[in-house]
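S.K.: Build me a structure from this.
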Amino acid sequence: MLVVTLGDLLLDVVVRLEAPAAPDDDVPAAISLVPGGQAANVAAWVSALGGDARLIARRADDAAGRLIGAEVERLGVELAGPVVAGGRTGAVVALAAPDGSRTLASDRGAAGELGPGDVDEGMLAGADVLHVAGYTLLRETGAAAALRLAGAARRYLARVTVDLSTAHGIAQLGREQMRARVAALAPDVVFANEAEAAAFGEPVGSVWVVKRGALGCTVEQGGEVVAHAAVEVEGVVDTTGAGDAFAAGFLLESELFAAAQRGQAAAARCVTRVGALP
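M.R.: Alright, predicted model coming up:
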């Protein structure tokens, strides 16, 4: 199965504090630099779980962009989308406190300028699924790119799926605007965590999947719960990429109960390691 993801390829700077942050002072931390961006994470997990993955993203031809591009390809992901000379690679700083809480600071750089002129129907050749990261829909040009690809996906008989990505972003854009952009894609599946679901309002799409962390997930179809899955996990290390791993596992199955089970298994695997990547 080929899953094509649309969204960002960014440099993730993951800072895991070993003690509470001390204003105007220094505390020990473990710091890593890895590829990131929700679409990149999902694609990497699809590949790790045995599927084929292609990432459509706008990226810069700078040192950071070349580094993370090579690493994503090493993880088995095919890269598509323009490489911008003279651009700047975006970055996300994830500050993880000792209690497990996280604070994110995002600068999307070249990725934030993705538009309809950066994508074409050929990027979906052979695709079974087009998965759109909701961050892309927060930008008018990104939403136009997603709409163009969604039309192509239908011609390829590929499913279209969306992850709402961010409750804060939905609130900033406006609920009705985000609902209109998601509905325009006529998605087969929409993923959300509980905060995103609350910010978005009534379900849109054929299947509505709410990711509930340690409580598992709930899958609704036609307003009825058709699947629920949870996996007990011991030794949780980092929950950063659990939602992306879940989406990847879910997308690789067509039957909903099996999809929920595989998604939860992937999320459980993810939280036992540091970072969002497999």
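
S.K.: Now residue 113: closest residue in space that isn't a chain neighbour?
M.R.: residue 58 (6.1 Å; CB to CB, 6 or more residues apart in numbering). Every residue, glycine included, has its C-beta placed from N, CA and C.

S.K.: what's the answer for residue 172, then?
M.R.: Using CB to CB, 6+ apart, the closest residue to residue 172 is residue 138 (7.6 Å).

S.K.: tell me the contacts of the one you found?
M.R.: Counting by CB atoms under 8 Å, 6 or more residues apart in numbering, residue 138 touches 165-166, 169, 172-173, 178.

S.K.: Among these, which lie within helices?
M.R.: With DSSP state H as the criterion, helices contain 169, 172-173, 178 from among the contacts of residue 138.

S.K.: what residue lies at the spatial centre of the protein?
M.R.: The residue lying closest to the centre of the chain (CA atoms, centre = their mean) is residue 38, at 2.7 Å.

S.K.: State the distance from that residue to residue 52.
M.R.: Residue 38 is 19 Å from residue 52, where distance means CB to CB, to the nearest Å.

S.K.: what about the strands in the stretch 1-150 of the chain?
M.R.: 2-6, 10-17, 29-36, 52-56, 59-60, 77-80, 83-84, 89-96, 102-109, 129-133 (DSSP state E, counting those that start in this stretch).

S.K.: Could you take those and lay them out as JSON lines, with extra columns for distance to residue 160?
M.R.: JSON lines is the format used below for those (distance: least, CB to CB, whole Å):
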{"stretch": "strand 2-6", "distance to residue 160": "10"}
{"stretch": "strand 10-17", "distance to residue 160": "23"}
{"stretch": "strand 29-36", "distance to residue 160": "23"}
{"stretch": "strand 52-56", "distance to residue 160": "13"}
{"stretch": "strand 59-60", "distance to residue 160": "23"}
{"stretch": "strand 77-80", "distance to residue 160": "17"}
{"stretch": "strand 83-84", "distance to residue 160": "26"}
{"stretch": "strand 89-96", "distance to residue 160": "25"}
{"stretch": "strand 102-109", "distance to residue 160": "23"}
{"stretch": "strand 129-133", "distance to residue 160": "5"}
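
S.K.: Looking at the ones in helices among the contacts of residue 138, state which has the most neighbours.
M.R.: Using other CB atoms under 10 Å as the neighbour test, those are led by residue 178, with 26 neighbours.

S.K.: My guess is that one contacts residue 136. True?
M.R.: No: using CB atoms under 8 Å, residue 178 is not in contact with residue 136, being 11.6 Å away.

S.K.: any low-confidence regions in this protein?
M.R.: Where the chain drops to pLDDT under 70, the residues are 100, 235, 237-238.

S.K.: what about the helices in it?
M.R.: Under DSSP H, the chain gives helices at 38-48, 63-74, 134-137, 140-155, 167-173, 175-184, 194-200, 242-251, 256-270.

S.K.: quick check: angle from the longest one to strand 129-133?
M.R.: Using axes from the mean of the first three to the mean of the last three CA atoms, to 10 degrees, the direction of helix 140-155 lies 170 degrees away from that of strand 129-133.

S.K.: go on, the last one?
M.R.: Compare the direction of helix 256-270 with that of strand 129-133 by the same axes, to 10 degrees and you get 50 degrees.

S.K.: The helices of the chain: which one's closest to residue 278?
M.R.: helix 38-48 (3.5 Å; CB to CB).

S.K.: Now do the closest one: distance to the chain's middle.
M.R.: The chain centroid and the centroid of helix 38-48 are separated by 8 Å under CA atoms, centre = their mean, to the nearest Å.

S.K.: Would you mind pulling up the elements that that helix packs against?
M.R.: strand 2-6, strand 52-56, helix 63-74, strand 77-80, strand 129-133, helix 134-137, helix 242-251 (3 or more CB pairs under 8 Å, 6 or more residues apart in numbering; DSSP states H and E).

S.K.: If you count neighbours, what's buried in that helix?
M.R.: For helix 38-48, a neighbour-count test (16 or more other CB atoms under 10 Å) marks 38-48 as buried.
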